[in-house]
Structure formats: structure tokens, C-alpha cells
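Visitor: This is a predicted model, with the sequence first.
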Amino acid sequence: KQEVTQIPAALSVPEGENLVLNCSFTDSAIYNLQWFRQDPGKGLTSLLLIQSSQREQTSGRLNASLDKSSGRSTLYIAASQPGDSATYLCAVDSDRGSTLGRLYFGRGTQLTVWP
Amino acid sequence: NAGVTQTPKFQVLKTGQSMTLQCAQDMNHNSMYWYRQDPGMGLRLIYYSASEGTTDKGEVPNGYNVSRLNKREFSLRLESAAPSQTSVYFCASSEVLTGGYYGYTFGSGTRLTVV
């Protein structure tokens, strides 16, 4: 069974800092890995998706890397802003036959960026 | 706006009562999912439907039933609610994008309390 772990569980930083959020998974047989953002009381918004054959994806101030063989991904947030405050969830998409398309989630990193 | 719509947004049930959570998507996606999110936990898959007319169990299916009424709608039913089912429930749909990977869209959630 796929297990996804995110470190740290919570992070509080001043505005302007560069941040690294970590995600690890136990089964390297994944189809892709996604990072989501969740605001309080809201649904999930997809930030970045990395296919298993890729090493990284970038969107604006966000950069996500994937090392499939070691079961690790990092989400790098440059020049953090108060508007980045949210919970960031890592999820992997298993590539095992009928479970294709099912996501396994970590518990998330709760980020607070203060002015 | 196109997306995934969940109803109701909030619900309080007494132990033993039944109810159905509704989910509809207007993006013509084939696959739909029900997840639950408990405090401090990642999302866990309850049931999913790879296509109209098919449903499969996820990680935590006990106490739930689902119906894929048509391509748009995927409902989750609690036949006899228990306090352990207090959670936030998310519906999602997915499509196969270029490259064969899945793009997900999540609803905003149903916050259910069982007393």
C-alpha cells in the first residue's frame, strides 16, 4: 500500500523567504505526482503535476522536483508572500493496473507566511 | 463556471440517520471519486468510478454506498450514519490529458457532522 509522508507538518515564515516542502512515498511505481493547495474551508487546487518520466515542473514562483527512484519530491516556493498561506498537499497516482487514476495523499504542510 | 458541484455544503446528522451526498460535474469527465478528509489527515479514497456504470471500492469503503447515476453524477450514501463518519467529503473528477496522465478537479467539499 502506498504511503505518502510530508515534512514539515507546519511551517511559519516571514514574507520573502524561499521555502522547501518535502514529500516522500514508499512505492516508486507511480504514474505521476501532484502538488495541491487547499485553503481553509475550500476544495483542492492543482498547482503542479510531474509525470513519472519528468524531473521537475515550474509554474511562476513554484518549482516541483521528482526523484522517482528514491521516492521523493520537493516543492520550492520562491519569495514567499502572505497569499501563499494555505495547506499544501502532495499526492501520487499509482500506476498499478486498475488503481490507475487513484490518488494517495500525504497529510499536508500547513504554511503561514506573515508580513 | 465549469467544475464539480457538491451538495449540501454542510450537514448535521444524528447517529443512525441516512443521507446522500450529491456530486455533479459538467466537464464530460469519465472518472469520478469520493474522498474523505479527517483533521490532520490526508484525503482517503472511499469509492471511485472509472466510467459510467462502474464503481470500485477505495481505501475506506465500509459504511458507504455509491451510485454512478450517469456520466455527470456520482452520489455517496450513508445508510446508517456513525460519529466516525464525521468528516469533510470531497468529490473529484478526472480526465486523461496529453501524455496519458490524469488531470483532477475537486469540489469544494461537504462538511458532515454526526452526533
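Guide: Sure, I can see it. Numbering: from 1, shown residues only, chains lettered A, B, ... in the order given.
Visitor: Please make it C-alpha for all contacts and neighbour counts, starting now.
Guide: Will do.
Visitor: May I have stretch B:36-54 as CSV, with CA atoms only?
Guide: Once non-C-alpha atoms are left out, stretch B:36-54 reads as follows in CSV (Å, rounded to 0.1, in the frame of the first residue of the first chain):
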residue,chain,number,x,y,z
ARG,B,36,-12.9,11.9,3.0
GLN,B,37,-10.6,14.2,4.9
ASP,B,38,-10.2,14.0,8.6
PRO,B,39,-8.4,16.6,10.8
GLY,B,40,-4.6,16.3,10.4
MET,B,41,-5.0,13.6,7.8
GLY,B,42,-4.6,13.4,4.1
LEU,B,43,-7.5,12.6,1.8
ARG,B,44,-8.5,9.0,1.7
LEU,B,45,-10.4,7.4,-1.2
ILE,B,46,-13.8,5.9,-0.3
TYR,B,47,-15.1,4.9,-3.8
TYR,B,48,-14.4,5.7,-7.3
SER,B,49,-16.0,5.2,-10.7
ALA,B,50,-13.7,4.8,-13.8
SER,B,51,-16.7,5.2,-16.1
GLU,B,52,-20.4,5.4,-16.2
GLY,B,53,-21.9,2.2,-14.9
THR,B,54,-18.8,1.0,-12.9
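Visitor: Could I get the average pLDDT for it?
Guide: For stretch B:36-54, mean pLDDT is 90.
Visitor: Mind listing what's buried along that stretch?
Guide: With burial defined by 16 or more other C-alpha atoms under 10 Å in any protein chain shown, the residues of stretch B:36-54 counted as buried are B:36-37, B:42-50, B:52.
Visitor: Low-confidence stretches in the chain?
Guide: No chain in the question, so chain A it is. A:95-101 (pLDDT under 70).
Visitor: I was after chain B.
Guide: B:1-2, B:97-102.
Visitor: Longest strand of it, counting residues only.
Guide: strand B:87-96 (DSSP state E).
Visitor: In its sheet, which strands sit next to it, and in what direction?
Guide: When pairing is defined by DSSP bridges, strand B:87-96 lines up against strand B:31-37 (antiparallel), strand B:102-106 (antiparallel), strand B:110-114 (antiparallel).
Visitor: So what touches the longest one?
Guide: This points to strand B:31-37. For strand B:31-37, the surrounding residues in contact (C-alpha atoms under 8 Å, 6 or more residues apart in numbering or on different chains) are B:43-51, B:74, B:76, B:87-95.
Visitor: Can you give me the neighbour number for B:Asn28?
Guide: 12 (other C-alpha atoms under 10 Å in any protein chain shown).
Visitor: go on, the one 4 residues further on?
Guide: By the criterion of other C-alpha under 10 Å, B:Met32 has 32 neighbours.
Visitor: which residue packs closest to it, ignoring adjacent ones?
Guide: B:Ser93 (4.2 Å; C-alpha to C-alpha, 6 or more residues apart in numbering or on different chains).
Visitor: Can you give me every residue that contacts the one you found?
Guide: Counting by C-alpha under 8 Å, 6+ apart, B:Ser93 has contacts B:4, B:25, B:29-33, B:104-106.
Visitor: distance of it from B:Ile46?
Guide: 14 Å (C-alpha to C-alpha, to the nearest Å).
Visitor: and the residue nearest to B:Met32, bridged to which residues?
Guide: B:Met32, B:Thr105.
Visitor: B:Phe90 reaches B:Thr105, doesn't it?
Guide: No. In this structure B:Phe90 lies outside contact range of B:Thr105 using C-alpha atoms under 8 Å: 10.3 Å.
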